[in-house]
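J.: what follows is a protein structure lacking sequence information:
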């Protein structure tokens, strides 16, 4: 009996870790889909990933991008297969494939179950990682109400006030003997404050959370805490876990036990804020700040504290990453090209109809200028934001997805158990779709500009730009994130100036993106008294 069980176990192992590798490899190669090499038994192509990890540096792309480009070179195929895991992974790099996924096949889109399992400790059943069920659909409908225009308008007023206060701090630093800052650190702190206000309400500004690192306690802002925690949680998806599903829900190393402890600690922290808010809401003179937490608590659909905690966790992370990385990169590129900086300032004066300049405006005056409707008329400002999202998208590759059944995409059959990614960075830098794709050119989003077209002079494919995913899994906070950037950007650039303290930054830009070691952009603050 024992021998029979051992034989069954061996047969299952050989099927899952050997046969499946080669069957998937043959299945996709037989359709003419290029592959990232022939997989080894059990390990697949993980050894090639290990070699990439050993050579990562500050100017490297993300691990997956380096791994793909190391094999194919600068130009990637429109579609190819990656065999790091037995079920295989399909990577889409062409807008034609993406268009079919987001439109006619969007109802088959879903999060890959393994990714949901390995990230469950942090996100549980939040809409970002939950499978597409009726409960997921209803939750998205209710969450969408939090991003209606009237709700966003309230949040934007708070965003403007927090941003203006931070600029005043920068102006004080500028007058000191050492006016040098780490740009991405300062922007991250600003976004932390803004997100805390918009998610948890004004009274919770500057709160910190205890994070456990190598057995020691450190205090982190909410946004920083979430960014580090999420990077550690997402790291559980890679490596040897690609070989087995047994340990998806459980920690197996001291490091992972600490990650689980931090995830639990953060949920306890949010629960405390929930309890405090209930006490505040019971007071007769309580007035809502229009924050995300209060909106959910007032929605009858969100009766469970656990559901509210999961959604706050997800929304804050998504908004924090998108805005902090995009705003940092945007300021960086404008420092590098002062002609663009000058033009966006000139256009701001015209579009916002400012006669006496932007200096010394109060929060109320800024709010009157930067209305939701008025910001949509600031065309060049919007072009700059979109170009920042194009040239350096916060998420360069989508998280793992799958299809709910075997399906054809542009004539290629994709199996339901195969995961897939969309290579956003490659779509945004496709030389067939973009003129000078490595250059920061805001005019490429201006319909009147030559850069609006492809190098051949044709209309650009609409799916060649998509920093917020698409289809039924499109980012819920897309409008909120874009609105935040639109109102923060003018408050900053029209009151203070910047220059590179590290002149090497003129030559090369260290990569600033999620799941990558954060660089330090050393920037010197300068006085700005308006256009001359």
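T.: Yep, that arrived. Keep in mind that this is a model prediction, so the values were computed, not measured. Numbering: from 1, shown residues only.
J.: make it CA atoms for all contacts and neighbour counts henceforth
T.: Will do.
J.: quick one, what contacts residue 311?
T.: 123, 126, 127 (Cα atoms under 8 Å, 6 or more residues apart in numbering).
J.: and those residues, which is closest to residue 498?
T.: Top of the list for closeness to residue 498, among those and by Cα to Cα, is residue 123 at 37.9 Å.
J.: what about the strands in the stretch 1-150 of the chain?
T.: Applying DSSP state E, counting those that start in this stretch to the stretch 1-150 of the chain gives strands spanning 79-82, 89-92, 109-111.
J.: residue 300: neighbouring residues, count only.
T.: When counting by other Cα atoms under 10 Å, one arrives at 9 neighbours for residue 300.
J.: what's the helix or strand for it?
T.: Per DSSP states H and E: residue 300 is located in neither a helix nor a strand.
J.: what does residue 264 give?
T.: Using DSSP H and E, residue 264 maps to helix 254-281.
J.: packing partners of that helix?
T.: In this structure, helix 254-281 packs against helix 120-123, strand 208-213, helix 222-235, helix 305-336, with contacts taken as 3 or more Cα pairs under 8 Å, 6 or more residues apart in numbering; DSSP states H and E.
J.: quick check: mean pLDDT across the helix or strand following it?
T.: The helix or strand immediately downstream of helix 254-281 is helix 292-297, counting by DSSP H and E. The pLDDT scores in helix 292-297 average 90.
J.: give me the contacts around helix 292-297.
T.: Contacts to helix 292-297, defined as Cα under 8 Å, 6+ apart, come from residues 143, 146, 198-201, 274, 277, 288, 302-303, 308, 312.
J.: and those residues, which are buried?
T.: 143, 146, 198, 199, 200, 201, 274, 277, 302, 308, 312 (16 or more other Cα atoms under 10 Å).
J.: so what's the fifth one up against?
T.: What that stands for is residue 200. Here residue 200 is in contact with 273, 291, 292, 293, 294 (criterion: Cα under 8 Å, 6+ apart).
J.: can you add neighbour count and give those residues back as CSV?
T.: Putting the contacts of residue 200 into CSV (neighbours: other Cα atoms under 10 Å) gives the following:
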residue, neighbour count
273, 17
291, 22
292, 26
293, 23
294, 21
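J.: just checking, residue 452 touches residue 444?
T.: Yes: using Cα atoms under 8 Å, residue 452 makes contact with residue 444 at a distance of 4.4 Å.
J.: coming back round to it: mean neighbour count, mean pLDDT and distance to residue 71 added to the strands of the stretch 1-150 of the chain, as a markdown table?
T.: Below are the strands of the stretch 1-150 of the chain laid out as a markdown table (neighbours: other Cα atoms under 10 Å; pLDDT from 0 to 100; distance: least, Cα to Cα, whole Å):
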| stretch | mean neighbour count | mean pLDDT | distance to residue 71 |
| --- | --- | --- | --- |
| strand 79-82 | 22 | 97 | 11 |
| strand 89-92 | 23 | 97 | 14 |
| strand 109-111 | 20 | 95 | 27 |
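J.: strands of the stretch 401-532 of the chain, residue ranges please.
T.: 401-403, 407-409, 412-414, 419-422, 496-500, 522-527.
J.: give me the contact list for the last one.
T.: Among residues not part of strand 522-527, those counted as contacts by Cα under 8 Å, 6+ apart are 170-171, 173-174, 179-183, 496-502.
J.: and which of the buried ones among the contacts of helix 292-297 is nearest residue 381?
T.: Nearest to residue 381 among the buried ones among the contacts of helix 292-297: residue 198, at 22.8 Å, using Cα to Cα.
J.: which regions of the stretch 401-532 of the chain sit below the pLDDT cut-off?
T.: Scanning the stretch 401-532 of the chain for pLDDT under 70 picks out 531-532.
J.: check contacts around residue 370.
T.: 352, 487.
J.: pLDDT wise, what is it at?
T.: Residue 370 is assigned a predicted lDDT (pLDDT) of 92.
J.: give me the phi and psi angles of it.
T.: For residue 370, the backbone dihedrals (degrees, to the nearest 10) come out as phi -100, psi 60.
J.: what's the spacing between it and residue 193?
T.: Going from residue 370 to residue 193 by Cα to Cα, to the nearest Å gives 19 Å.
J.: who are the packing partners of the helix or strand bottoming out on mean pLDDT in the chain?
T.: Least confident helix or strand of the chain, by mean pLDDT, DSSP states H and E, is helix 2-14 with a mean of 75. Of the remaining helices and strands, none touches helix 2-14 by 3+ Cα pairs under 8 Å, 6+ apart.
J.: all helices for the stretch 1-150 of the chain, in order.
T.: 2-14, 20-29, 46-53, 63-72, 95-102, 113-118, 120-123, 134-144, 149-174 (DSSP state H, counting those that start in this stretch).
J.: ok, the stretch 401-532 of the chain next?
T.: So, for the stretch 401-532 of the chain - with DSSP H, counting those that start in this stretch - the helices run 424-428, 478-493.
J.: just name the most buried of those.
T.: Highest mean neighbour count among the helices of the stretch 401-532 of the chain (mean count of other Cα atoms under 10 Å): helix 424-428, with a mean of 26.
J.: give me the low-pLDDT residue ranges for the stretch 101-250 of the chain?
T.: Applying pLDDT under 70 to the stretch 101-250 of the chain flags the ranges 202-206.
J.: give me that answer again for 90
T.: When residues are selected by pLDDT under 90, those of the stretch 101-250 of the chain lie in 124-125, 128-135, 142-156, 188, 192-193, 195-209, 220-227, 235, 237-246.
J.: just the pLDDT for residue 258.
T.: Reading off the model, residue 258 has pLDDT 97.
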